[in-house]
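Q: Dropping the sequence and predicted coords here.
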Amino acid sequence: MSDPVVIIGTGLAGYNLAREFRKLDSETPLLLITADDGRSYSKPMLSTGFGKNKDADGLSMAEPGVMAEQLNAQVWTHTRVTGIDPGHRRLWIGEEAVAYRDLVLAWGAEVLSVPIEGDAADQLFTVNDLQGYGRFRQAVEGKRKVLILGAGLIGCEFANDLSLGGYEVDLVAPCEQLMPALLPVEAAAAVQSGLEALGVRFHLGPVVSRLQHAASGLEAHLSDGRTIACDAVISAVGLRPRTELAAAAGLALNRGVVVDRLLRTSHEHIYALGDCAEVDGLNLLYVMPLMACARALAKTLAGTPSEVAYGAMPVTVKTPACPLVVSPPPRGSQGQWTVEGSGADIRALCHDAAGALLGYALTGSAVQERLALNRELPALLA
């Protein structure tokens, strides 16, 4: 039997690539390896589970055995790759060598660590996969107060979702507005007002410096001297592409694993996509670019080299308290923001000096304009 195509990772990137590949090639041996339990799920749904009253099993779409059958593939779960040997086209799982025809890195990103002191510092939860969601949901069962660290996209989604699930939510972040890397201040204020109407309390500016056990749960000490009583703490301060194994194998790295428009790394027969990959200089931690990469790479692996193209890649943020769609201006572009509207309904547009639309942020009823505006946006990778 010929050596298999091996995909490391069974998240959206790994499983969707496998599905696209099997549409084009039903015979080449296919092996997926994952360090977790291999269940198929949609990662964006992790920040909707409390509002929908779904536990981890409720968010799971298929067991690994079902996926293996559907994909005519092997799925190795709870299996950690310990090394990659590009020169001999093999990877290592402990002492066992596994040969590959082509290797695809789809192992995602990891949550940034937060330096916190105190005797409850180990009580900091992260939700970056289905198992993490399950652990966090179990920990807050029967509890009332949740503290969120981080005011980015994920922190705001969790704030909305936990509020819908009946929890009291406090959010702490060392910034002056929500989602500072994504939104002009007026759009951020609209989202904050919507979340505050649900009961979310924001503490913008300080950080949590110490987390202590208290008689009734936990006590978070902020850098400005205030304290917040809570039952559980979830960290949503951002993600970093997983690169350790790639670095050890000598692959080129920047923010993520560096790949070209064919998703090729600096070593032959090794590719990367999803959150771990930096595609032609872009590391986009969203679903739309991931899906575009899966379709293109599947064609390449099936024998038809195909470069990935990114059109406009707007992001729908799951904050139903204040609907939000944002399309950040392309890297390196120079533009001016103009803002219209008030309250929950903000229309913020970024144009270049010639008047061409570069990006937008739409909140409330203004999100209805997204389809028309998308037609004006430039492609991120033409």
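A: Right, received. Where do you want to start?
Q: can you list contacts of stretch 257-267?
A: Residues outside stretch 257-267 that contact it (CB atoms under 8 Å, 6 or more residues apart in numbering) are 86, 105, 241, 243, 246, 249-252, 270-273, 276-280, 293, 296-297, 300, 305-309, 381. C-beta: built from backbone N, CA, C; applies to glycine.
Q: How far off centre is it?
A: Going by CA atoms, centre = their mean, to the nearest Å, the spacing between the C-alpha centre of stretch 257-267 and its chain's C-alpha centre is 20 Å.
Q: repeat for stretch 221-236
A: Its chain's C-alpha centre and that of stretch 221-236 lie 24 Å apart, by CA atoms, centre = their mean.
Q: buried sites along that stretch?
A: Across stretch 221-236, burial judged by 16 or more other CB atoms under 10 Å covers 221-222, 228, 230-236.
Q: Farthest pair within those?
A: Comparing every pair within these by CB to CB identifies His221 and Ala236 as the most remote, at 19.3 Å.
Q: List the contacts of His351.
A: Taking CB under 8 Å, 6+ apart as the contact definition, His351 lies against 335-336, 338, 357-358.
Q: Separate out the buried members of those residues.
A: For those, a burial check counting by 16+ other CB under 10 Å picks out 335, 357-358.
Q: Could you dump the residues you listed into a markdown table with pLDDT and distance to Gly94 added?
A: Converted to a markdown table, those look like this (pLDDT from 0 to 100; distance: CB to CB, whole Å):
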| residue | pLDDT | distance to Gly94 |
| --- | --- | --- |
| Gly335 | 94 | 51 |
| Leu357 | 98 | 53 |
| Leu358 | 97 | 49 |
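Q: Return the member of these nearest to Gly14.
A: Among those, Leu358 lies closest to Gly14 (CB to CB), at 32.8 Å.
Q: Please parse the chain into its domains.
A: With domains defined by the TED database, the chain comprises 5-109+240-302, 113-235, 323-374.
Q: Make JSON lines out of those domains and add distance to Val317.
A: Written out in JSON lines, the entries for those read as follows (distance: least, CB to CB, whole Å):
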{"stretch": "domain 5-109+240-302", "distance to Val317": "10"}
{"stretch": "domain 113-235", "distance to Val317": "6"}
{"stretch": "domain 323-374", "distance to Val317": "4"}
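Q: Among the ones you listed, which comes closest to Met313?
A: Between Met313 and the domains of the chain, the shortest separation by CB to CB is 4.9 Å, and it involves domain 5-109+240-302.
Q: Look at that closest one and report the distance between its end residues.
A: Chord length of domain 5-109+240-302, first to last residue, is 10 Å (CA to CA, to the nearest Å).
Q: quick one: the strands in the stretch 1-150 of the chain?
A: 5-8, 30-33, 74-76, 83-85, 90-93, 96-99, 102-105, 109-111, 124-125, 145-149 (DSSP state E, counting those that start in this stretch).
Q: Any idea which of these gets closest to Thr48?
A: For the strands of the stretch 1-150 of the chain, distance to Thr48 was read as CB to CB. The smallest value, 15.3 Å, belongs to strand 145-149.
Q: Paired strands for that closest one, with orientation please.
A: According to DSSP bridges, strand 145-149 forms sheet pairs with strand 168-173 (parallel), strand 232-235 (parallel).
Q: Identify the residues contacting it?
A: Residues from elsewhere that reach strand 145-149 (CB under 8 Å, 6+ apart): 114, 124, 140, 155, 158-159, 162, 167-173, 207-208, 217-218, 220, 228-237.
Q: Likewise for stretch 328-343?
A: Counting by CB under 8 Å, 6+ apart, residues outside stretch 328-343 touching it are 181-182, 184, 186-187, 190, 193, 281-282, 315, 346-353, 358-359, 363-364, 366, 378, 380.
Q: ok, the residue most central in space within the chain to Leu153 distance?
A: Geometric centre of the chain, nearest residue: Leu285, 5.0 Å, by CA atoms, centre = their mean. Using CB to CB, to the nearest Å, Leu285 is found at 9 Å from Leu153.
Q: One more: Ile228?
A: Taking CB to CB as the criterion, Ile228 is separated from Leu153 by 22 Å.
Q: gap between the two ends of stretch 201-211?
A: For stretch 201-211, the separation between the terminal residues is 18 Å (CA to CA).
Q: circling back to that earlier point, JSON lines for the strands of the stretch 1-150 of the chain, including mean neighbour count, distance to Gly14 and mean pLDDT?
A: Conversion of the strands of the stretch 1-150 of the chain to JSON lines gives the following (neighbours: other CB atoms under 10 Å; distance: least, CB to CB, whole Å; pLDDT from 0 to 100):
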{"stretch": "strand 5-8", "mean neighbour count": "27", "distance to Gly14": "5", "mean pLDDT": "98"}
{"stretch": "strand 30-33", "mean neighbour count": "24", "distance to Gly14": "6", "mean pLDDT": "98"}
{"stretch": "strand 74-76", "mean neighbour count": "19", "distance to Gly14": "10", "mean pLDDT": "98"}
{"stretch": "strand 83-85", "mean neighbour count": "16", "distance to Gly14": "16", "mean pLDDT": "98"}
{"stretch": "strand 90-93", "mean neighbour count": "17", "distance to Gly14": "15", "mean pLDDT": "98"}
{"stretch": "strand 96-99", "mean neighbour count": "14", "distance to Gly14": "16", "mean pLDDT": "98"}
{"stretch": "strand 102-105", "mean neighbour count": "26", "distance to Gly14": "8", "mean pLDDT": "98"}
{"stretch": "strand 109-111", "mean neighbour count": "19", "distance to Gly14": "13", "mean pLDDT": "95"}
{"stretch": "strand 124-125", "mean neighbour count": "18", "distance to Gly14": "24", "mean pLDDT": "96"}
{"stretch": "strand 145-149", "mean neighbour count": "24", "distance to Gly14": "28", "mean pLDDT": "98"}
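Q: For those, give me a markdown table that also has distance to Tyr133.
A: As requested, the strands of the stretch 1-150 of the chain are arranged in a markdown table below (distance: least, CB to CB, whole Å):
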| stretch | distance to Tyr133 |
| --- | --- |
| strand 5-8 | 21 |
| strand 30-33 | 21 |
| strand 74-76 | 20 |
| strand 83-85 | 29 |
| strand 90-93 | 26 |
| strand 96-99 | 29 |
| strand 102-105 | 23 |
| strand 109-111 | 13 |
| strand 124-125 | 10 |
| strand 145-149 | 13 |
